[in-house]
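> What shape does this take:
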Amino acid sequence: MMAKAVVDFFNSKLIHNLKNKNKTKIFIYPNLNGLGLALFIFFNFLIAVFYENNFGLLLSIVIFFIFFISIFISHQNLNNLNLNEVTEYFIESEKNEKLKMNIVNSSNEKKLNIDIDYDKETIGNFNFVNKINNFSIPIKLKERGVSSFKRFCIKSIYPFGIIRTKIYVHLKSVIYVYPKAIKPPENLLNEFNISNYNNFNHDFDGIEEFKRGDSLSKIAWKKSTINEKKNVKKFKDPSNDQKVILNLNKYPHIPFELLLSYSTYIIKYYFQKNKELKLKHNNNLFHLKSNQSSLNLILKYLADVKS
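As a prediction, this is how the structure comes out:
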């Protein structure tokens, strides 16, 4: 691998890439071990010359060659590594989240002993052997709003632990921090048919085959005995018969930030149940459907809305 790294470094294509302003800058410098080794080479060389010691000269040359080679290998180990940038991320305020990230290795070489720092804290040590490699970063933001990533640092002391290489990455991705979901009081839950959703007081709507996750209390035992397989009773949800509108203007007595937290709970509930909902605030109207994009649009608004 050493010989290949040397050849690759002196390859004209690599030199061209290093001069390309669009390439990520790789910082290379000796760490404390490297500085100690450099001083050893220097003084060993001086002593060998002064005493005309051929073995000392040879030792200095060999160690200097290893030192020099480690620079090239260290460079190649971080070269062609890039964080795959996603336009938008959504996280809930005051909640410990783990954002999934991808790092792309655009070369055919394995990238070994890589440390990734975020906001000056080390996330972990990785070996990237695939084209696309996954890792996650822990993040917690206390206040809702629109935020951005702090600086990433991809670094390594591979292969000999004497040269440190670093890449600093600034992602342009936007983080939407939406309100913390808080369960509303009983009257608000009843208004949106949430508290009664599992009480099965709705109108009977037929029989369907038992699915994993269905409540055992809904099993139609007589029908199941006849068909020799489990069937469950299906009830009609009254909220499906009408367009449910969550109108934030109707609740001026509730503190605005608390109202947004209640709204987040209701919106998440409806989305998980694959039910439609409309959110209204001032002159803005949003329609929650079963697709993720409709949910993201509402969460964006809740993250940045003013009272």
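> Near Tyr301, how many other residues are there?
Residues near Tyr301, counting by other Cβ atoms under 10 Å, number 16. (C-beta placed from N, C-alpha, C; glycine too.)
> which stretch of helix or strand covers it?
helix 292-304 (DSSP states H and E).
> what phi and what psi does the backbone show at Pro255?
phi -50, psi 140 (degrees, to the nearest 10).
> residues contacting it?
Not one residue lies near Pro255 by Cβ atoms under 8 Å, 6 or more residues apart in numbering.
> swap in the one 5 residues further on?
For Leu260, the residues meeting the contact criterion (Cβ under 8 Å, 6+ apart) are Arg144, Pro179, Leu248, Leu302, Val305.
> Where does pLDDT dip in this protein?
Residue ranges of the chain with pLDDT under 70: 1-23, 193-243.
> which residue ranges form the helices in it?
2-10, 12-19, 32-50, 54-78, 186-191, 221-227, 256-272, 292-304 (DSSP state H).
> list the buried ones in the fifth one?
Of the residues in helix 186-191, Leu188, Leu189 count as buried by neighbour count, 16 or more other Cβ atoms under 10 Å.
> Ile66 and Glu257, how far apart?
61 Å (Cβ to Cβ, to the nearest Å).
> ditto for Ile91
For Ile91, the distance to Glu257 - Cβ to Cβ - is 17 Å.
> picking that back up, so for Ile103, which of the helices of the chain sits nearest?
Among the helices of the chain, helix 54-78 comes nearest to Ile103, with 11.0 Å by Cβ to Cβ.
> Measure how buried Val62 is and give me the count.
So Val62, with other Cβ under 10 Å, has 11 neighbours.
> do the one 10 residues further on as well
For Phe72, the tally of surrounding residues (other Cβ under 10 Å) stands at 20.
> And this structure, split by domain according to the record?
1-178, 186-304 (automatic domain parsing).
> Residues touching stretch 294-305, excluding its own?
88, 90, 144-146, 176-179, 260, 263-264, 267, 271, 279, 281, 284, 286-288.
> change it to 7 Å
If you take Cβ atoms under 7 Å, 6 or more residues apart in numbering as the criterion, stretch 294-305 is touched by 90, 144-146, 176-179, 260, 263-264, 267, 271, 279, 281, 284, 286-288.
> Just the ones of these in strands?
Phe90, Gly145, Val146, Tyr176, Val177, Tyr178, Leu279, His281, Asn284, Phe286, His287, Leu288 (DSSP state E).
> Buried only: go through these for me.
Phe90, Tyr176, Val177, Tyr178, Leu279, His281, Phe286, Leu288.
> could the ones in strands among the contacts of stretch 294-305 go into JSON lines alongside distance to Tyr168?
Converted to JSON lines, the ones in strands among the contacts of stretch 294-305 look like this (distance: Cβ to Cβ, whole Å):
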{"residue": "Phe90", "distance to Tyr168": "26"}
{"residue": "Gly145", "distance to Tyr168": "25"}
{"residue": "Val146", "distance to Tyr168": "23"}
{"residue": "Tyr176", "distance to Tyr168": "25"}
{"residue": "Val177", "distance to Tyr168": "24"}
{"residue": "Tyr178", "distance to Tyr168": "29"}
{"residue": "Leu279", "distance to Tyr168": "40"}
{"residue": "His281", "distance to Tyr168": "40"}
{"residue": "Asn284", "distance to Tyr168": "39"}
{"residue": "Phe286", "distance to Tyr168": "38"}
{"residue": "His287", "distance to Tyr168": "42"}
{"residue": "Leu288", "distance to Tyr168": "39"}
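> Identify, from these, the entry nearest to Phe128.
Phe90 (26.5 Å).
> tell me the contacts of Val169?
Leu83, Phe152, Ile154.
> so how far is Asn247 from the first one?
It stands for Leu83. 41 Å.
> Among these two, which residue is more densely surrounded?
Neighbour count, other Cβ under 10 Å: between Leu83 and Asn247, Leu83 has more, with 20 against 11.
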